[in-house]
Every structure is written in C-alpha cells, then in structure tokens.
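Undergrad: build me a model:
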Amino acid sequence: MSGRPKEACGVVAIATRTAEPARLAFFGLYALQHRGQESAGICTADGQSVHHLTGMGLVSQVFNERDLAKLGGHLAIGHTRYSTTGASRPGNAQPFVVSSDLGSLALGHNGNLVNADELRETVLSLGVKPRTSTDSELVAHLIANAPGSDWLARMRHSLNQLSGAFCLVMLTHERAYVARDPWGIRPLVLGRLSDGWAVASESCALDTIGAQLIREVAPGELLAIGPDGIHSEQYATAAHRAACSFEYIYFARPDSLIEGQLVYATRERMGEQLAQEHPVEADFVMPVPDSATPAAIGFARAAGLPYREGLVKNRYIGRTFIQPQQRQREVGVDLKFNPLPEVLRDQRIALVDDSIVRGTTTPRIVAMLRRAGAAEVHLRICAPPIRHACHLGVDTAPEATLIAGTHSVPEICEMVGADSLGYLSLRGLVQAIGLPERDMCNACFHGHYPMPIDGVRAKLAFEHA
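TA: Numbering: from 1, shown residues only. All right, here's what the predicted structure looks like:
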C-alpha cells in the first residue's frame with residue numbers, strides 16, 4: 001500500500017477465575033499488534049482496586065514477566081494503540097484510569113468519535129480538566145461523572161452521547177465492561193475461556209489465548225463480564241450497519257473471522273474479481289507483501305497465470321524509535337522490501353497491492369522492480385480509489401494529500417510509473433466481501449458517512465447505491 005493508512009487500535013478484555021488475566025491480555029494484544037504499534041497498556045482488577053501499566057512501543061517492549069506477575073487480579077483489559085486523535089506520547093497511552101465516587105474506572109477505546117469537541121465541552125462543564133488530547137479520555141470522564149447509582153446506569157447514560165466509531169473495554173474493581181457503537185463499524189468478538197470469558201477486536205486474539213469464539217458483540221450492545229458470567233443489554237437500538245470495508249481489505253489479520261467469514265478468503269475473492277474487471281497479459285502475478293498476498297493468489301487463479309513472489313519483506317521492520325538517516329528515509333521502501341532479480345528479470349508482472357493512498361511508496365516499488373530487470377509492471381489494486389478522509393478511526397491522511405482525490409486513473413498510472421493501472425470497483429468490492437452495501441462503511445471511496453461529520457448531515461452509503 002502506498003502511504004499506508006495507520007491501523008485502528010486493538011482491545012481485549014479478560015475475566016477468569018484461575019488463570020492470570022494479565023498474561024492472557026498480553027498474548028491477546030500480541031495477536032493484535034498489527035492494529036497499533038505506538039503504545040500498549042494493561043489494567044487489572046482484584047475485587048478491591050485497579051492496577052495498570054502502560055508504555056510506548058510494541059507489546060513485547062512494554063511488558064515483561066515481572067510486570068505481568070505484579071498486575072495480578074482476576075479481570076483485565078488491554079489496549080494497543082495507533083493514535084487517530086491525540087498525539088503520540090506516553091500520556092496518551094491507554095487504558096486510561098479516572099476516579100469517581102464509585103471508585104476507579106479504566107477505559108480503552110478502538111475507534112474515533114466525530115463529536116469530540118462537543119464531548120470536551122460537556123466534560124469541562126462538569127468541572128473536569130482532561131489531561132490528554134484524546135477523545136478516549138473524554139469518554140472515561142463522561143462515564144465517571146454521569147448520573148446513576150452503579151456503573152451500568154452511568155454507561156447507559158453516557159454511551160448514547162457518543163457519535164462515531166467505538167469499541168470500548170472498561171474495568172472497575174469488580175467487573176469488566178464492553179460496548180460497541182450502534183453502527184458496528186469496528187469488529188469486536190466474544191469468546192469463552194475454560195474458566196471465564198474474553199473479548200477482543202479480532203477472533204485471531206481469541207485463538208491465541210485458547211478461547212472459543214462464541215459470537216460478535218452486537219452493535220449497540222453493552223456487556224458486563226465477570227468470571228461467573230455475563231450480563232448483556234442493548235444500550236441503543238442498532239443503527240444501519242456500517243462495517244468498515246478496510247477491515248477486510250487490509251486491517252484485520254487474514255486468519256480472523258468477521259461476520260462469520262475468513263478474511264483470507266474474502267481477500268482471495270477480491271483478487272478474483274479484480275482479475276475479471278482488469279485482465280492483463282503478464283508472465284506471472286505477484287503481491288506487494290503481506291496484506292495483498294491472498295488477493296494476488298485469487299487474481300492469479302482467476303487469470304490463469306502463475307503466482308510468484310518477487311519481493312521479500314523484512315518482517316522485523318516495524319515502528320522504531322531509532323530514526324533512519326535522511327538518505328535512508330528517501331529510499332525508505334528499501335528498508336522493508338528486497339527484490340528478487342532472478343525472478344523479475346525480463347518478465348511482464350501483474351503487481352497486486354491493497355490500495356494507493358498518497359502515492360508516495362508505490363513509485364518506489366515500481367522503480368525497484370524495474371531496476372531488478374522487470375520488463376513491464378501492471379499494477380492492480382484490490383480496493384477502489386481512496387478519495388475521502390476517514391473520520392472513524394483510520395488515519396488515511398488529509399483529503400488534499402489523497403492522490404485519487406486530485407488525479408485521474410491514467411494520471412496516477414503515469415505518476416507511479418506503471419505500464420497499466422486497474423482498481424477494483426466498489427461494486428466488485430461489495431460482491432467480494434459479501435455484505436449488503438447498505439451494511440458497510442465505504443465513505444473513504446464515495447464520501448457518504450454513516451453519521452453526521454463535522455456538523456454536516458452525512459448520508460448513508462446505501463442511499464446512494
């Protein structure tokens with residue numbers, strides 16, 4: 001992906017009678033590391049108090065054995081973050097812990113609220129001064145200071161004031177709580193442990209900790225979870241579904257199930273559909289690894305072409321605090337990919353990628369393939385052109401920087417240096433995912449959001465289908 005959007009965050013919640021919940025939360029977050037590499041945190045509760053630890057960096061960098069043992073308890077929530085609102089700094093690492101007359105409340109949030117300014121005014125009117133710049137802290141203060149004699153009452157009151165995308169994991173000294181927005185924009189699943197319960201952003205995290213996938217947390221659902229069981233209620237009537245299509249295209253791990261569908265198989269279907277819409281004369285099909293690999297396999301199968309790998313990805317290149325020198329930044333793609341000249345030399349290549357965002361990385365990849373001897377590079381993208389910014393938890397970059405918002409497909413093809421360029425159509429994407437278009441958020445492609453954005457009435461995608 002060129003100028004790849006930054007991932008949504010990952011969250012987990014654990015309730016267990018015998019196991020160490022902090023350890024389970026750690027491995028759950030480890031499985032969700034792809035959703036955020038900026039900071040990580042775990043909070044636990046033991047029936048009397050809440051303990052927490054957060055830090056900057058990858059999950060494996062923030063925690064060690066001693067930390068997990070100290071956290072103790074029988075309940076835990078965890079969060080791994082990429083910032084969508086709020087700067088990248090230690091104070092913005094989640095979960096947040098705030099105080100109230102009912103005790104401490106810890107909260108982790110995956111998503112982005114579109115009425116954060118309004119919520120900030122509400123929180124300030126309560127006499128609370130937020131210490132960070134995130135919308136997530138606002139939600140914690142809103143709940144902590146809401147009317148109600150217990151936490152469920154306060155959550156019911158507060159959650160209906162939120163607009164946007166949110167999957168919340170919350171913790172008090174005696175219960176874990178989980179809430180999902182009424183549109184179901186980001187994924188959230190419920191699993192059964194041998195001695196308790198687990199909730200996670202994706203089913204791959206449940207697999208990692210040995211939990212059995214039970215079902216998705218429903219849009220508009222609020223859960224209270226303890227080792228002895230679950231209380232479920234609808235705090236809001238589910239709106240029209242607006243599942244983020246980019247979860248299928250790129251964000252979710254390929255081994256996760258969303259809406260009962262394996263993400264890997266969905267991506268294969270995207271590639272098959274792309275081959276039908278944009279056939280190409282080529283010697284073989286190859287992906288930009290890793291997220292485009294299933295789509296390239298599907299493309300090759302549908303096109304009747306061989307599948308080969310012409311780029312080797314260094315899978316240990318991730319977010320680092322050691323900045324490359326200027327020359328390295330200028331050729332930054334070389335840190336991540338190495339071409340295979342013996343595979344590429346004199347070959348006509350169908351190159352499959354998941355998307356083009358700003359158009360900064362794709363030209364370097366195409367140039368790299370040509371330097372390695374490729375005769376032709378035909379670029380095929382298994383997503384429609386991204387023309388609009390996401391306001392719902394994905395950092396796609398400002399609209400003015402989105403290459404498809406200001407240039408035609410032929411212009412983009414020339415700018416990235418490809419011999420041809422084909423994008424999957426929106427209709428083809430919807431067909432590959434297999435959900436009704438009205439149940440999906442495709443706002444980054446057509447600009448119609450599932451709720452008002454910035455005070456403007458945003459129309460649902462299905463109204464324009």
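Undergrad: tell me the secondary structure of residue 109, please.
TA: strand (DSSP: H, G, I helix; E, B strand; the rest coil).
Undergrad: would you agree it is in contact with residue 168?
TA: Yes. Under the criterion of Cβ atoms under 8 Å, residue 109 lies in contact with residue 168, with a separation of 5.6 Å. Where C-beta positions appear, they are placed from N, C-alpha and C, glycine not excepted.
Undergrad: what helix or strand is the nearest residue to residue 211 once chain neighbours are set aside located in?
TA: Here the nearest residue to residue 211 in space, its sequence neighbours aside, is residue 191; by Cβ to Cβ, 6 or more residues apart in numbering that works out to 3.4 Å. With elements taken from DSSP states H and E, the one containing residue 191 is strand 189-193.
Undergrad: re the thing from before, look up how far residue 14 lies from the residue nearest to residue 211.
TA: Between residue 191 and residue 14 the computed distance is 10 Å (Cβ to Cβ, to the nearest Å).
Undergrad: does residue 37 really touch residue 82, like I thought?
TA: Yes. In this structure, residue 37 sits in contact with residue 82. The criterion is Cβ under 8 Å, and the distance is 6.7 Å.
Undergrad: the residue nearest to residue 211 is in contact with residue 199, isn't it?
TA: Yes. The criterion here is Cβ under 8 Å, and residue 191 meets it with residue 199 at 7.2 Å.
Undergrad: of those two, which one has the most company?
TA: A direct count of neighbours by other Cβ atoms under 10 Å for residue 191 and residue 199 places residue 199 higher, at 29 against 23.
Undergrad: so that one makes contact with residue 193?
TA: No. No contact is recorded between residue 199 and residue 193 when judged using Cβ under 8 Å, the distance being 10.8 Å.
Undergrad: tell me which helix or strand in this protein has the weakest average pLDDT.
TA: Within the chain, confidence by mean pLDDT, DSSP states H and E is lowest for helix 326-330 among all helices and strands, at a mean of 48.
Undergrad: quick one: mean pLDDT over stretch 343-359.
TA: Summarised as a single mean, pLDDT over stretch 343-359 is 96.
Undergrad: now swap in stretch 97-106 and tell me
TA: If you average the pLDDT values across stretch 97-106, you get 96.
Undergrad: what sits up against it?
TA: Contacts made with stretch 97-106 from outside it, assessed by Cβ atoms under 8 Å, 6 or more residues apart in numbering, are listed as 43, 45, 49-50, 52, 77, 95-96, 107, 137, 140-141, 143-145, 150-151, 154, 170-173.
Undergrad: just the buried positions in that stretch, please.
TA: 97, 98, 100, 104, 105, 106 (16 or more other Cβ atoms under 10 Å).
Undergrad: likewise stretch 183-194?
TA: Taking 16+ other Cβ under 10 Å as the neighbour-count basis, stretch 183-194 is seen to contain the buried residues 183, 184, 185, 186, 187, 188, 189, 190, 191, 193.
Undergrad: after the longest helix anywhere in the chain, next one along is what?
TA: In the chain, taking DSSP state H as the definition, the longest helix is helix 263-277. Tracing the chain past helix 263-277, the next element assigned as helix or strand by DSSP H and E is strand 284-287.
Undergrad: got the CA positions of that following strand in CSV?
TA: Below are the C-alpha coordinates for strand 284-287, written out as CSV (Å, rounded to 0.1, in the frame of the first residue of the first chain):
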residue,chain,number,x,y,z
PHE,A,284,3.1,-14.0,-13.6
VAL,A,285,1.2,-12.4,-10.7
MET,A,286,3.0,-11.2,-7.6
PRO,A,287,1.9,-9.3,-4.5
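Undergrad: from residue 285, how far out is residue 295?
TA: Here residue 295 is placed at a distance of 10 Å from residue 285 (Cβ to Cβ).
Undergrad: give the residues shared as contacts by the two.
TA: With Cβ under 8 Å, 6+ apart as the test, residue 295 and residue 285 both reach residue 352.
Undergrad: so which of those two has more stuff around it?
TA: residue 295 (33 against 28).
Undergrad: just checking, that one is part of a helix?
TA: Yes. In this structure, residue 295 lies within a helix as judged by three-state DSSP.
Undergrad: relative to residue 273, how far out is it?
TA: Shown here: residue 295 relative to residue 273, a distance of 9 Å by Cβ to Cβ.
Undergrad: quick one: the strands in the stretch 151-300 of the chain?
TA: In the stretch 151-300 of the chain, the strands defined using DSSP state E, counting those that start in this stretch lie at 164-171, 176-180, 189-193, 196-200, 212-216, 221-226, 229-234, 243-244, 257-258, 261-262, 284-287.
Undergrad: would you turn the ones you listed into JSON lines with mean pLDDT and distance to residue 447?
TA: Written out in JSON lines, the entries for the strands of the stretch 151-300 of the chain read as follows (pLDDT from 0 to 100; distance: least, Cβ to Cβ, whole Å):
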{"stretch": "strand 164-171", "mean pLDDT": "96", "distance to residue 447": "16"}
{"stretch": "strand 176-180", "mean pLDDT": "98", "distance to residue 447": "25"}
{"stretch": "strand 189-193", "mean pLDDT": "97", "distance to residue 447": "30"}
{"stretch": "strand 196-200", "mean pLDDT": "97", "distance to residue 447": "31"}
{"stretch": "strand 212-216", "mean pLDDT": "97", "distance to residue 447": "27"}
{"stretch": "strand 221-226", "mean pLDDT": "96", "distance to residue 447": "29"}
{"stretch": "strand 229-234", "mean pLDDT": "96", "distance to residue 447": "30"}
{"stretch": "strand 243-244", "mean pLDDT": "95", "distance to residue 447": "15"}
{"stretch": "strand 257-258", "mean pLDDT": "96", "distance to residue 447": "24"}
{"stretch": "strand 261-262", "mean pLDDT": "95", "distance to residue 447": "26"}
{"stretch": "strand 284-287", "mean pLDDT": "98", "distance to residue 447": "29"}
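Undergrad: poorly predicted segments of the stretch 1-150 of the chain, please.
TA: Along the stretch 1-150 of the chain, segments meeting pLDDT under 70 span 1-8, 83-91.
Undergrad: now do the strands in it.
TA: 10-16, 39-45, 50-56, 75-81, 96-98, 105-113.
Undergrad: how about these in a markdown table, adding distance to residue 261?
TA: As requested, these are arranged in a markdown table below (distance: least, Cβ to Cβ, whole Å):
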| stretch | distance to residue 261 |
| --- | --- |
| strand 10-16 | 20 |
| strand 39-45 | 28 |
| strand 50-56 | 34 |
| strand 75-81 | 24 |
| strand 96-98 | 33 |
| strand 105-113 | 20 |
